[in-house]
Structures are given as structure tokens and as C-alpha cells.
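**Q** give me a 3D structure for the following:
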Amino acid sequence: MPSAAKRRKTAAPAPQTKAPDSQRLWSSLDPPLSPWVLDALASMGFEKMTPVQASTIPLFMGNKDVVVEAVTGSGKTLAFLIPVIERIMRAQEMLKKGHVAAVVVSPTRELASQIYNVLQSLLAFHGPSATAAADSSVPLSEVDKSVPRIQPLLLLGGTTSPAHDLKNFLEQSPNVLIGTPGRLNDLLSSPHVHCSNDSFEALVLDEADRLLDLGFKDTLTRIIARLPKQRRTGLFSATISEALVGSLIRAGLRNPVKIVVKVRGDHGTADAVTEKRTPASLKMSYIIANSTTRLALLRKLLDTETPQKTIIYFSNCASVDYYAPLFPRIINDRNGRYAIVSLHGKLSSTVRARNFKKFVETATPCILLTTDLAARGLDVPAVDMVIQIDAPTDPKAFLHRCGRAGRAGRRGLAVIFLSPGCEEDYLPFLAVRKTPVTPHEITADAVTEEDVKGMVKRMREFVLTDRGMYEKGTKAFVSHVRAYSKHQTPSIFRIQEVDWSELVEAFALIRLPKMPELKGKDITLDVDVNMDTYAYKDKIRETQRQAELANPTPKLTKTKEQVEEQRKKNSAWSGKIEAQETKAAKKERKRKRKELEREAKMAPEEKAKEEEWKELVEMVKKQRREQEEALENEEEFMGLD
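**A** Okay, the predicted model is just below:
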């Protein structure tokens, strides 16, 4: 059998636009999968390959780098794990201690853990020796070293120290590393970890666009620099832009094949077919309702759809913290029918892991309140409904949020709430992005004004029992306004058009926060509270508050400069955005003016040369674009249902 380095020179199989149904059998792959892998897939209930698996596995098992764009829930995890397994198993020489064969990079700890668990499920079918090798409790001396083995190691920042990860690496001698960028980079920088040309097989970047969105570009560059150039690389995501591909090609891909797997949906007639970017089993709908009405409609949605597992998205962590204890009052769940679980990035690793496990494993109907942390990659097959209380700041996250439901052919529903007015322009915006949504049967008229007032009353009554809830509500309100002002589609989500009275009621505020956006607004709160006697439920915090009331800290006199700096800091976010736009416009006008002045001073000969140079640059750019498009058209292929 040729070495790993020689195998990479072998020609890859030719891509196909669509594989016949018979070619989607696992047994139809050439070269064939290992018998134990086939047994594992059969036992796990995967009778046939999904389109993305049929399109990707032959190429990634061969000598092709792949850039895979496929709808959520299409089976991308197995599409890269199986080739990684097979490439390692077919290596001619056993890996030396301290040598790594594959690295899988994930943007979040939850997704990395999920990938690790799927790999462990596959390895459970690989005979006694390999199964023992996958068990860190079995000493390496007791493992049959004549049998190719796969030993994964999970690396998650925040759960263990880098020193502890290195200790595990030296003790277990893993050959597959799965983890988040920071911790992977820490381990790969150790002199005890080796990624050589003879042993390293593949690098996988899962949710590749999210890795860059979260600011991991520099860390990824350092990881890639530590890996051999002669390797296979795979990029996997539900949305992959050309800018992303270009950025990562410069970082290490070698003439990759782009695989785009899309879904077809009817467009009203038998002949007309539209291209969709979501699973066919997922229904996406919208409801037009203001801030308070949408909360009251949650009870109607839950009663109508009767979901077992529901995910509700908010725009920020503070809102999740605030609404989680309020949620039984919002949906008027007096009997505790629904388990409420919260998940966001500011929770500790231990709490995040515990809450996610509870959501996945609980047998009772469960509602997960979360942020975009849970928008990508997480595979919870039993999610029946996704509700977006707040539209995502980044439009790309909309598709990923919806894709948590309707996975693996299961029927799912995704609902987004939009306010009347400018936000309704989000509907044609989504249609242009090939993610059209239809109106839901439930409308704002499904709840009465009395229903809404009763809900807000229940919320405020609970808030008044604990001063801590008042502080959480204020923080959540301010965080919501800040997130709203940062929408990447400000022409649709205009902070100037916000109905502040409705928003204040939706957060059941008992006092208005001091913020510029509310200055001059005529908002009346129908609540009377004595802030001096308004106590914390937490006895320690209440004792501290009472001590501060008895011995108030004297106020420091601020200088004129400090007052001015504070004034700028507290200016409205909407005003800051307008100021930034004005500044950019002024800068552009100044640049054009200087360019005109420079051209006016040019001699006719210099001006002619300048024009010729500009034409030449434009011609070269045009030729380059045409070459890139031709290359993409030659390499791109799709697998369709």
C-alpha cells in the first residue's frame, strides 16, 4: 500500500452533478468502506448516504480538498468524519507516539463535543483493540499496536487548562484532535505534538464562515501554519461566501472542489421549481406583531403546535437571563408543563454543558432560551419548533437558526416575529436570499388586549418580588436596544422607528433606564414602587444594599473633561451610527476632491498615461474575474435529492 504522501498524488474521482439513488448506498463507494464502518452506519439507522455525503465522501477520501455548502441537517458531520477515519485506517505505517493524523476545528464547544460524540459512536463498532484504544482508561501497553487505531482527543477552552490537555495528549497519544481554535493552537504549539508529512492526513473546518465571523482568522492561520502543506483540507458550512473561500485558499487549500447541495421546492406550479437553502421538511413562517403581542402569542404557538422541544432565540445574553425565570408567567404555565432551559455564551462551561444536556435528554416538553450561540452546528434531532423573538443581527444567522428544526427529514417549523412597518421589508429581503417565508396561520389578532395586559401584569408582579429581576430587566432592555442598533440591515431594522412604549411593556420595566434613546419620549409606567424598600431576594445582596443606604459613599466631583467624555460615551447608539456614516461620507468627498485637484495639476501627457494605466488595471481585474468564474464553473457540481 502506498504511503500517505504518495497517495495524495493519485487522481481524485471525477465529480458528478447528481448521483443515482443506487449510488447513494454506502456499499457503492469505491474504494469501499471498512466493514466495521458499514456495520456502525447500519446500526445507527443510516441506510443511504445523503446527497452531501454521496458528493463529498469519494472526493475527500481521495486527493481533493473540498469546500462544502449544504443545508442544515444534511449530514455534513459524517461527510467529513468517515473520510478521516478511512484515510487513517488505510495508512501504511502505524502512527508514532505524539504524531497527529487529523484536526477538526469547530467554532463552539458544544459543536466540538457533538462531533467528538459522533466519532466515538462510530468507533464503538471497531473491534476490541480499537475500542480499547478509544477508551482513555485503557493503558496503551494493553492495546494491540498491530491494529490501526483511531484515538480522538477533545480540546475545549474553559473546561481544562492547556497543561492538562498536554498531559492527556502525552498519556493517550491521540491521532485525531477535535476542538475550538484557541485550545487547538495551544496544543499544536507544543514541541511534543508532531504533524508530519508522512502521518498527517486531513484538516477539517466545520462551520467555516462562523470561525471567521467570531474573529478566529489569526488563530486559524497559526494552526494551518503548523500543519503540513501536503494534506487534505475540508471546509463545511451551510453558507459559504466567495470571500470566505478566497481567504482560506490563501491559508492552505489547494485547488479545492466546491460542492453545493441545495433543496428544490415547488413554486406554485408543477413545472416551476425554486431553489431553496433549507431542508424540504422545514416550514418557515412569519408573524407580524409588536413587542408585547409577540410574547403573548407564544402560548398560542405552543398550544397549537404542541412541540416536544422548542428553541427560542433572543438577540443578547441579558435577555435570556431575564426572560428565563419570567417564561412560566409569559406563557401562563402554572402547572410546570414545560421545562425552561437557558444557554448563552456568558454562562460558565459547566453550566452550558449541563443545560444543553438537560435540553437534549429531558423526556418532558422543553423550551431552550438562547442566543446565536446555538444557531449553528448543534444537532438536536427532536427539535420541533424554532421561534425567533428577535431577528438576528447578522442575516446569515437566520438560516442557521431555522435549521435547528426539520433535521434529518423530520418535520419542523421555524417562526420569526417582525414588527409592523419597516421590519416587514425583511420578507422580500429573505426571498432574495432564497429563504422565503410564508405567513403563519396564527396572527396578532389571536390574542386580545386583555391577554396582553394580563401577561405584562404577571411579569411585573414577579419582577417586584426581587430587586435583582429589576436590574436584570434594565440590563436586558439596554442590551436589546444596543443589539437592535447594530443590525447589518439598518434600512429594515431602524431604531428610529421603534415603538418605545410597546418595548418597555415587553420588558415589564418598573422604571425607565436613563438612556439617550428614551429622552423626550412620552412613556407612562402604570406601576408604583418605593425603591428604598424594594429588596433583593438574595439576603447577602440585600444586607449590602442596606449597609450602603446607612453609609452612602460620597459622590466624587468630576472635571469638565470627564463630564464631556461621559456625555459622548452615553450618547445614543443611533446617533453614533449616523455620526459614523457622516464621517465616512466626508472622508469620501475629501478623497475625491484631492483626486480632482491632483488631476487638474497634471500635464496633458501625464493625464493620458494615468487614464491608460487605469484602463489597464481594469482590464487585468476583468480578466482575473473571468478566469476565476471559469474555474469555478469547471469544478463546481451539485448533489440534489
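**Q** where exactly do the strands run in the stretch 351-500 of the chain?
**A** Using DSSP state E, counting those that start in this stretch, the strands of the stretch 351-500 of the chain run over residues 366-370, 385-388, 412-418, 438-439.
**Q** the longest one packs against which elements?
**A** It refers to strand 412-418. Under the contact criterion of 3 or more Cβ pairs under 8 Å, 6 or more residues apart in numbering; DSSP states H and E, strand 412-418 touches strand 282-288, helix 291-305, strand 385-388, helix 396-402, helix 426-432. (C-beta placed from N, C-alpha, C; glycine too.)
**Q** how about stretch 187-206, which residues are buried there?
**A** Within stretch 187-206, the residues that qualify as buried are 187-188, 193-196, 198-206, counting by 16 or more other Cβ atoms under 10 Å.
**Q** can you pull the contacts of the residue lying closest to Leu227 once chain neighbours are set aside?
**A** Leaving out its chain neighbours, the residue that sits closest to Leu227 by Cβ to Cβ, 6 or more residues apart in numbering is Cys195, at 5.1 Å. With contact set as Cβ atoms under 8 Å, 6 or more residues apart in numbering, Cys195 has these partners: His99, Val100, Val103, Leu188, Arg226, Leu227, Pro228.
**Q** if we use 7 Å, what do you get?
**A** Val100, Arg226, Leu227, Pro228 (Cβ atoms under 7 Å, 6 or more residues apart in numbering).
**Q** same check on Val118?
**A** Thr77, Leu81.
**Q** what's the separation between Lys514 and Phe477?
**A** 12 Å (Cβ to Cβ, to the nearest Å).
**Q** follow-up on the earlier one: for the helices and strands packed on strand 412-418, which one ends up most surrounded?
**A** Between these, strand 385-388 has the highest mean count of neighbours, a mean of 25, where neighbours are mean count of other Cβ atoms under 10 Å.
**Q** so can I have TSV of the strands of the stretch 351-500 of the chain showing distance to Lys453 and mean pLDDT?
**A** Below are the strands of the stretch 351-500 of the chain laid out as TSV (distance: least, Cβ to Cβ, whole Å; pLDDT from 0 to 100):
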stretch	distance to Lys453	mean pLDDT
strand 366-370	23	94
strand 385-388	22	94
strand 412-418	19	93
strand 438-439	26	93
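**Q** redo the ones you listed as a markdown table? Include distance to Arg401.
**A** Shown next, in a markdown table, are the strands of the stretch 351-500 of the chain (distance: least, Cβ to Cβ, whole Å):
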| stretch | distance to Arg401 |
| --- | --- |
| strand 366-370 | 9 |
| strand 385-388 | 6 |
| strand 412-418 | 7 |
| strand 438-439 | 17 |
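**Q** looking at those, which is nearest to Thr306?
**A** Among these, the nearest to Thr306 by Cβ to Cβ is strand 385-388 (9.4 Å).
**Q** parallel or antiparallel, list what pairs with the closest one.
**A** strand 309-313 (parallel), strand 412-418 (parallel) (DSSP bridges).
**Q** just the CA trace of the shortest one, in CSV.
**A** Below are the C-alpha coordinates for strand 309-313, written out as CSV (Å, rounded to 0.1, in the frame of the first residue of the first chain):
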residue,chain,number,x,y,z
LYS,A,309,-38.6,20.6,22.1
THR,A,310,-38.6,24.3,21.2
ILE,A,311,-35.8,26.8,20.7
ILE,A,312,-36.5,30.5,21.2
TYR,A,313,-33.9,33.0,20.1
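**Q** buried set for that strand?
**A** Neighbour-count burial for strand 309-313 [16+ other Cβ under 10 Å]: Lys309, Thr310, Ile311, Ile312, Tyr313.
**Q** for stretch 84-95, same thing?
**A** Val84, Ile85, Glu86, Arg87, Ile88, Met89, Arg90, Ala91, Leu95.
**Q** and which of the residues you listed is nearest Ala584?
**A** Looking across the buried residues of stretch 84-95 and measuring by Cβ to Cβ, the closest to Ala584 is Val84, at 45.5 Å.
**Q** three-state assignment of that closest one?
**A** helix (DSSP: H, G, I helix; E, B strand; the rest coil).
**Q** for it, which non-adjacent residue is spatially closest?
**A** Ala102 (4.7 Å).
**Q** picking up where we left off before, and the buried residues of strand 309-313 as CSV, adding distance to Val71 and pLDDT?
**A** Listed next are those as CSV, based on distance: Cβ to Cβ, whole Å; pLDDT from 0 to 100:
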residue, distance to Val71, pLDDT
Lys309, 20, 92
Thr310, 21, 94
Ile311, 17, 94
Ile312, 22, 95
Tyr313, 19, 94
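**Q** export those residues to CSV and append columns for distance to Phe417.
**A** Converted to CSV, the buried residues of strand 309-313 look like this (distance: Cβ to Cβ, whole Å):
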residue, distance to Phe417
Lys309, 19
Thr310, 14
Ile311, 14
Ile312, 10
Tyr313, 10
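**Q** ok, those vs Arg541, which is closest?
**A** Distance to Arg541, by Cβ to Cβ, is smallest for Ile312 among the buried residues of strand 309-313, at 28.5 Å.
**Q** and Arg458, which of the strands of the stretch 351-500 of the chain is closest to it?
**A** Nearest of the strands of the stretch 351-500 of the chain (Cβ to Cβ): strand 366-370, 17.0 Å.
**Q** quick revisit: the buried residues of stretch 187-206 in helices, which ones?
**A** Leu187, Leu188 (DSSP state H).
**Q** for the buried residues of stretch 187-206, which one is nearest Ser291?
**A** Of the buried residues of stretch 187-206, the one sitting nearest to Ser291 (Cβ to Cβ) turns out to be Asp206, at 35.4 Å.
**Q** can you pull the contacts of Leu549?
**A** No contacts exist for Leu549 under Cβ under 7 Å, 6+ apart.
**Q** show me how far the strand or helix carrying it is from its chain's centre.
**A** If you go by DSSP states H and E, Leu549 is part of helix 539-550. Between the centre of helix 539-550 and the centre of its chain there are 41 Å (Cα atoms, centre = their mean, to the nearest Å).
**Q** likewise for stretch 86-100?
**A** For stretch 86-100, the distance to the chain centre is 32 Å (Cα atoms, centre = their mean).
**Q** highest neighbour count among the contacts of Cys195?
**A** Val100 (24 neighbours; other Cβ atoms under 10 Å).
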